[in-house]
Each structure stands twice: as structure tokens, then as C-alpha cells.
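J.: Need coordinates for the below:
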Amino acid sequence: MKKFLVVVVAFGMLLACKYFQSHNASGLPNAFCDSTQADNPCSIIPYDVDEKFGLGYDSFLDSLHQTPFDIFSWQTFIALNWPANAAGNPIGTSITDSVNAPRVWEHYQDPAEVFGTGMPLLNLRLGIAKKGGQKFLYLDSKAPHGLGAIKSVNSNDLNGFQEADGHPLIDRNLNFALYEIKMNPVETSFTLDNHLTTTQGIYNAGSKTGNAIDLPKSNEKAKNLGIIEIKASWRILLPAAGDDTSRYYCRKATIFIDSLHTRNHKPLIINNVTVGMVGMHIVRKTAKVFVNQIWTTFEHIDNTPDDAQQAQMSGRQWSFYNPDCLNCTPNAPADTIKGDNQQYMWEPTMPYARDYATGSPGQQSKRDSFGTQAMRVYPVYRYTELVNQQWQAKLKGTVWANYKLIGTQWEQSEIHPGPTAPNFLGNTTLETFLQADASCITCHRDASIAYIKNKDTTNIKTDFSFIFPIYAKVNTNAKPVKK
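T.: Model (predicted):
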């Protein structure tokens, strides 16, 4: 039996390697670039997965079918992170060209720009930051509020302080992680052209199509990439505290925190701070896999160990894990402080999250306190790691070699609902506290917005996107901003 398992694993690794080799040698799109050009990472965003699905084919996590999805994810990640000019178009022949240029995806729009907000100071600061060429961060969560049933939201909730489940992620320097959301031009245009920036507009459109919004999928003939949504996570980098900025994709940023979430109840504006990217979700709707879309998630390799043994052996300085605190409970959110109305508050000076520090049980002093003790719950799929090794070797010597694909989740069901592959998928910076049952598709499947008229409620499904129920409901009376 053991001999059989060894043979199966070896054969699976051979299949993945052969996939790369066969694509490189054929006229088909090769593994590192969705084109017939040289076999190197490039700026071309692929339209779809290089995989042919037969009738009745269901998704299944195996090396033969998962590998094309993982390659698609890497191609997309690199192309989106290609340096771009002022118009958002890729420039240069290498991802290392124009190192100080914003990336392609950073020219996409924030939902606050598309939908408008009821927060004048946020709007003002966002505009100032963009004109100054700085990143603008105002979210301490990947979603502005909980992703459960949305009954009522006001504009102040736009800066909600939680990750995916209602709690913040805190790094080794006791600073909150920060998040941003982006919509590509296809989704932005579709939203504005169909008047989907308000609950009324969403109802008007959805009621004509079975109470559901159908977002555009990719169309290679029409040169349409389909919708792309991005959720990125960042942390403040402090070289004086031991952070190595040469290992990260870094940007200068302006951070805006509204007065409801600061200890002194005054708006907090942090200018010209260095932030490093620690995670990224990418959502694609393609012609082949459009029913449940394709869900990609990447992380920085210094975020957290995959297991306690790796943490003790590597000697690496982790961003969200303290190897000296073996008694610390992993993936445990910080408690709120009595009197803060169950809100997490930023201090006016660094470290901004010092009131929520983690310490060893029985610790008498806060001197050795740490942030969130994050750990990965499910290991990265073995053949996904093989794909990672191929790409990291190609990207050696660049900061992008320090990022890895955690997984690509998809579901294909021609005849009957198939399983998601993989069944669970979570990012330690975006789903830290709910990794045990985290699933992008399962979570987003029921994304919808409630339209209430004369005490009657109609739920309009928003095609797996929480952007619409979050931002449109907040900004029912706000005027959208057109790019």
C-alpha cells in the first residue's frame, strides 16, 4: 500500500511537470504567459483557464485538473501586478521594470469612487492621496461590515473594523492590518451603465432578470476580460523594528481612520507611511467557469508558518506569528475593551493596536506582547506548491518570488452540483479567524441585497459580489463618481 501511494504521488508530480513542459513545447499558450511569446512571466491577463471541460465534467481536486487553474491564477496575479503607466496600461518587458510605478490593478477603482460615499472627509482625502501618487487605505477589514444578513447600514459603517468575521488582524509590531477593494473597468462600467449604485437601481435591473444581477464574463473574441474584483491586505512596515522592506511589494500610503474608530474620537490621518502587501484575493468570471467564478488567493511567505514545526525551524521573522509564544492560542481574535461599544479603536500614535496585544498565559509584562497569533489551518495543496516552486524560480531575485498561491477555488457542474475544489480555502490575512470552514464560493454564493417596498422584501442576488449590498445600501442617496 505504501509503495502504491509513493507511485501515485510521484506520478502526480510528473503530470504537473509535464504540463509545464508540454505547453512550452507546443503552440498552445505556455505555462508562464498566456501567449506564444518567450516562456517568461508577462503582462498579458489571461481570458480563461487553459482547460477543456467535457460534458458532465465535475470539479475535483487532482493534479491534472487543478494545475491549469493554479497556472491561470499565477498568470493573472503577475499580469495584474505588472508596472503600469498613468492610464493603467502595462509598461516594460519585465515585472522588475519601473519599480516605483503603481501596478495595473492599482489603477482600478475603489468602490467608494464608483458608488460615492456619505463621508466627505474620506472622499476629500482619497482624492488628495490619488493626486499625490499615494495609496489610500481606509478599511481595517476586507468588507466594511459583517457578511451576514444586512438589515441596515449607515455611512459610518463604511470604515467597519473587522476582517471577514468581525475582528481585526494585528501584526508583530502591534499595528492593524489594512485592506482595500478594487473593481476593474469592466465591472465599473457595467455598474454605472446599468445604474447599480443604489438599491433602487439594483432592484430595477434585477427584477427584469429573475431577481439576479448577471455580471459580465470574459469574451476573448471581444477582448473583454470580464469582471475582476480584488481584495488586498497590507501591513505597515517599520525597518527600525526589523521589517525588511526589500522582501515586499511596497507603497507609500495615506491611511484614513474615521473618528468613530479612534481612541481620541478625532479623525486619524497618517501620511507617507510605508506599507507592504501581505495578501490578495482575485475573483474572475470567465467564459468557461462563469457560474460560480474562479477564486484565487495569494499570501506573502513571511505572514505565518504552515505549522508549528516550520515556525521553530525556519528562523524567519513572521509578521503574524510569534514562535516564542508556544502557549498562545492560534487564530484567536483580540477582545474588545469595556466601554468601547464592541468597537476596536486606533490609538493616535504607533503602535495603533497596542491595547489589543497578545501575551503568553501568565505573562506579567506587556514588553514581549505580540499581535495576532495566526496559523494556517489547512496545508497548501501539494501540486499547488509545485506550481509555486516553478513560478518562484522564474521570479527569483524579485519581491514577487516572496509571494505564493494558497489556492484556486472553482466549481464546475454540467449536470449536477459538483464539489468545490478545494473544498476549503482561506487566506491567513483575510479569513484568519474562520479558516476551519472558509470557502470563497460558499460564502459568496448567497450575496444579495434586500429591496423593501410597502413592507414587502425582494432579495436580488448580486452574482457572488458583496460590493453591491455593502456599498449600494450604504450610499442609496449618494452620487456615483464616474472615472
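J.: any idea how far the residue nearest to Thr336 when sequence neighbours are not counted is from Glu113?
T.: The shortest distance from Thr336 to any residue that is not its chain neighbour, by Cβ to Cβ, 6 or more residues apart in numbering, is 5.0 Å, and that residue is Gln342. Every residue, glycine included, has its C-beta placed from N, CA and C. Between Gln342 and Glu113 the distance, using Cβ to Cβ, to the nearest Å, works out to 30 Å.
J.: Those two: which is more packed in?
T.: Counted by other Cβ atoms under 10 Å, Gln342 and Glu113 do not tie: Glu113 has more neighbours, with 21 against 10.
J.: per-residue confidence for that one?
T.: Per-residue confidence (pLDDT) for Glu113: 93.
J.: Over to His65?
T.: Per-residue confidence for His65 comes out at a pLDDT of 75.
J.: quick check, it in a strand?
T.: No: if the criterion is DSSP: H, G, I helix; E, B strand; the rest coil, then His65 is helix and not within a strand.
J.: Touching, it and Glu51? I think so.
T.: Yes: here His65 reaches Glu51: they are 6.7 Å apart, a contact under Cβ atoms under 8 Å.
J.: Excluding residues flanking it in the chain, which one is nearest Ile230?
T.: Of all residues apart from its sequence neighbours, Lys182 sits closest to Ile230 (Cβ to Cβ, 6+ apart), at 4.3 Å.
J.: Confirm for me that that neighbour is in contact with Val104.
T.: No: the criterion here is Cβ under 8 Å, and Lys182 misses it with Val104 at 10.3 Å.
J.: related to what we said a few turns ago, the residue nearest to Thr336 in helix, strand or coil?
T.: Applying three-state DSSP to Gln342 yields a three-state assignment of coil.
J.: separation between it and His261?
T.: Counting by Cβ to Cβ, the gap from Gln342 to His261 is 12 Å.
J.: Just the strands from the protein, written as ranges.
T.: According to DSSP state E, the chain carries its strands in the segments 135-137, 178-183, 228-236, 250-257, 268-284, 294-300, 403-409, 448-453, 456-461.
J.: which residue is nearest the centroid of the protein?
T.: Centroid-nearest residue in the chain: His281, 2.4 Å away (criterion: Cα atoms, centre = their mean).
J.: and that one, bridged to which residues?
T.: With DSSP bridges as the criterion, the beta-bridge partners of His281 are Lys231, Thr297.
J.: For it, give me the pLDDT.
T.: Reading off the confidence values, His281 has pLDDT 95.
J.: same deal with Gln134?
T.: 93.
J.: What is the neighbour count of Ile45?
T.: Each residue near Ile45 was counted by other Cβ under 10 Å, and the total is 21.
J.: Near the residue lying closest to it once chain neighbours are set aside, how many other residues are there?
T.: Closest residue to Ile45 apart from its sequence neighbours, by Cβ to Cβ, 6+ apart: Ala79 at 4.3 Å. Here the neighbour count serves as a burial measure; for Ala79 (other Cβ under 10 Å) it reads 22.
J.: quick one: contacts for Ala79?
T.: Applying Cβ atoms under 8 Å, 6 or more residues apart in numbering, we find Ala79 in contact with 34, 42-46, 90, 104.
J.: Buried among the residues you listed? Need that as a selection in ChimeraX.
T.: Here is the ChimeraX selection string for the buried members of the contacts of Ala79, based on 16 or more other Cβ atoms under 10 Å:
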select :34,42,43,44,45,46,90,104
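J.: can you redo the contacts of Ala79 as TSV with pLDDT?
T.: Putting those into TSV (pLDDT from 0 to 100) gives the following:
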residue	pLDDT
Asp34	84
Cys42	94
Ser43	96
Ile44	95
Ile45	97
Pro46	95
Pro90	98
Val104	98
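J.: Looking at the contacts of Ala79, which is nearest Asn271?
T.: Within these, the smallest distance to Asn271 is 25.3 Å, found for Val104 (Cβ to Cβ).
J.: That closest one against Gly88, yeah?
T.: Yes: the criterion here is Cβ under 8 Å, and Val104 meets it with Gly88 at 6.1 Å.
J.: got a pLDDT number for the residue nearest to Ile230?
T.: In this model, Lys182 is scored at 97, pLDDT.
J.: What residues does the residue nearest to Val49 when sequence neighbours are not counted make contact with?
T.: For Val49, the nearest residue in space outside its immediate sequence neighbours is Phe72; the separation is 4.6 Å by Cβ to Cβ, 6+ apart. Phe72 makes contacts with 46, 48-50, 294, 296, 408, as judged by Cβ under 8 Å, 6+ apart.
J.: rewinding a little: mind listing what the residue nearest to the centre of the chain touches?
T.: Contact analysis of His281 by Cβ under 8 Å, 6+ apart lists 142, 229-232, 295-297, 427, 430, 440.
J.: number of nearby residues for Gly206?
T.: Count around Gly206 with other Cβ under 10 Å applied: 25.
J.: need the contact list for it.
T.: Residues counted as contacts of Gly206 (Cβ under 8 Å, 6+ apart) are 212-213, 460-461.
J.: any idea how far Pro41 is from Gln77?
T.: To be clear, residue 77 is Phe; Gln isn't right here. Remark: distance between Phe77 and Pro41 (Cβ to Cβ) = 10 Å.
J.: which neighbours do these two share?
T.: Taking Cβ under 8 Å, 6+ apart as the criterion, Phe77 and Pro41 do not both touch any residue.
J.: Can you add neighbour count, distance to Ser207 and pLDDT and give the contacts of His281 back as JSON lines?
T.: JSON lines is the format used below for the contacts of His281 (neighbours: other Cβ atoms under 10 Å; distance: Cβ to Cβ, whole Å; pLDDT from 0 to 100):
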{"residue": "Lys142", "neighbour count": "24", "distance to Ser207": "29", "pLDDT": "55"}
{"residue": "Glu229", "neighbour count": "24", "distance to Ser207": "24", "pLDDT": "96"}
{"residue": "Ile230", "neighbour count": "18", "distance to Ser207": "29", "pLDDT": "96"}
{"residue": "Lys231", "neighbour count": "23", "distance to Ser207": "29", "pLDDT": "95"}
{"residue": "Ala232", "neighbour count": "25", "distance to Ser207": "34", "pLDDT": "96"}
{"residue": "Trp295", "neighbour count": "26", "distance to Ser207": "28", "pLDDT": "89"}
{"residue": "Thr296", "neighbour count": "25", "distance to Ser207": "32", "pLDDT": "94"}
{"residue": "Thr297", "neighbour count": "26", "distance to Ser207": "34", "pLDDT": "94"}
{"residue": "Asn427", "neighbour count": "26", "distance to Ser207": "35", "pLDDT": "87"}
{"residue": "Leu430", "neighbour count": "28", "distance to Ser207": "33", "pLDDT": "82"}
{"residue": "Cys440", "neighbour count": "27", "distance to Ser207": "27", "pLDDT": "57"}
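J.: Alright, I will stop here.
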